[in-house]
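Student: Any chance you can model this:
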Amino acid sequence: MTATAAPTAAPFRFFDVQVARTRRLGPSMVRITFTGERLDELVSGGRDQRFKLFLPQAHQAAPVFADTGDGWYTAWRAQDPTERPIMRSYTIREQRPDPSEFDVDFALHGADDPAAAASGGPASRWAVGARAGDRLTVLAPAVEDNGGVDFRPPPGTDWILLTGDETALPAIAGILSWLSPGTVAKVWIEVGHESDRQALPTFADAEVNWLVRDPAAAGQGAPVLDALRAADLPAGTPYAWIAGEAGGVKAVRRHLVGERGFDRRAVKFTGYWRRGATEEDLIAELTAAAAAAGRE
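Tutor: Down below sits the predicted model:
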């Protein structure tokens, strides 16, 4: 199967983009296609390529930055929270060179439910109302081998395990499209509705299992974990990629390492979101932890 080298320190650049078009993929997700100048300089590494997306405040036509140079993060943190761009992390679902554009799939988290106006975060609510011409800024890679790609199975991997909820669906789709012919992949994807299923083209020998949540058990069940506990997994050396809600991701990792005997170094796990927390909360926690580590 295909293996990749260790990630390199890659430059990321700011790009001003605008919405070209939108397309609803199902009850829980909308695909937004972006275009803009210099997008030929944006180089996705494919797979689960992540980047930073910056939304304007409600009273702004486009994101307003104090600095987009090397010190952008410090300057961004220092900006008035009511003026600074709203930062979120997303996956590049697909990039095309002619015309230069890329797709991002947004999980809506109920933001389009008129009976629950407060549902979803800022990005979900923005995506529901996005129209052609709406302007954003992204911080995205300028080289293919970059630190925003986490899916990197090492040499000697015999088979792949992928799990996630709808927030991880774009990355899982990108990974499946990248896998080489004959690669064995076992996949579990949790979604909110039966019609959230998507076609996931791949050359791999992939078995995709769709798990539809019970609305009455929202936030209580663990569909992916329950399915894994009951699964008959292949023999050989696995590589696991797990993403989605942070609590569920940790539980799946504990199961794979503690109960299934996976080498912890062969389990890549990422919390794309955490129940009850905003990305601002998570950024503040990471910043505080980094500062504490620096003092030590």
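Student: so how many other residues sit close to residue 295?
Tutor: Under the neighbour criterion other CB atoms under 10 Å, residue 295 is assigned a count of 6. Placement of C-beta: from N, CA and C, glycine included.
Student: oh, I was asking about residue 137
Tutor: Other residues within reach of residue 137 by the criterion other CB under 10 Å amount to 22.
Student: and if you look at residue 235?
Tutor: Other residues within reach of residue 235, judged by other CB under 10 Å, total 7.
Student: Look up the pLDDT of it for me, please.
Tutor: Residue 235 is assigned 97 on the pLDDT scale.
Student: Number the residues from 830 up from this point.
Tutor: All set: I'll call the first residue 830, so the last point we hit is now residue 1064.
Student: Please report the distance of it from residue 1090.
Tutor: Taken as CB to CB, to the nearest Å, the spacing of residue 1064 relative to residue 1090 amounts to 12 Å.
Student: do the same with residue 1076
Tutor: Distance from residue 1076 to residue 1090, counting by CB to CB: 23 Å.
Student: ok, the two, which is more surrounded?
Tutor: Set side by side, residue 1076 and residue 1090 show more neighbours around residue 1076, with 14 against 8, by other CB under 10 Å.
Student: What about that one? Give its phi and psi, please.
Tutor: Torsion angles at residue 1076 (phi, psi; degrees, to the nearest 10) stand at phi -60, psi -40.
Student: same deal with the one 3 residues further on?
Tutor: The phi and psi values for residue 1079, taken as degrees, to the nearest 10, are phi -60, psi -40.
Student: List the contacts of it.
Tutor: Contacts here follow CB atoms under 8 Å, 6 or more residues apart in numbering; on that basis residue 1079 touches 1098, 1100.
Student: How much space separates it from residue 1121?
Tutor: Counting by CB to CB, the separation of residue 1079 from residue 1121 is 21 Å.
Student: where does this structure dip in pLDDT?
Tutor: Low-confidence segments of the chain, defined by pLDDT under 70, span residues 830-839, 940, 943-947, 1045-1050, 1105-1108, 1111-1120, 1122-1123, 1125.
Student: Quickly find the element holding residue 861.
Tutor: Using DSSP states H and E, residue 861 maps to strand 858-864.
Student: Which neighbouring elements make contact with the very next helix or strand once past that strand?
Tutor: Tracing the chain past strand 858-864, the next element assigned as helix or strand by DSSP H and E is strand 879-884. Strand 879-884 sits against strand 915-920, helix 951-958, strand 964-970, with contacts defined as 3 or more CB pairs under 8 Å, 6 or more residues apart in numbering; DSSP states H and E.
Student: all helices for the stretch 930-1079 of the chain, in order.
Tutor: Along the stretch 930-1079 of the chain, the segments classed as helices by DSSP state H, counting those that start in this stretch run 951-958, 998-1007, 1052-1059, 1075-1083.
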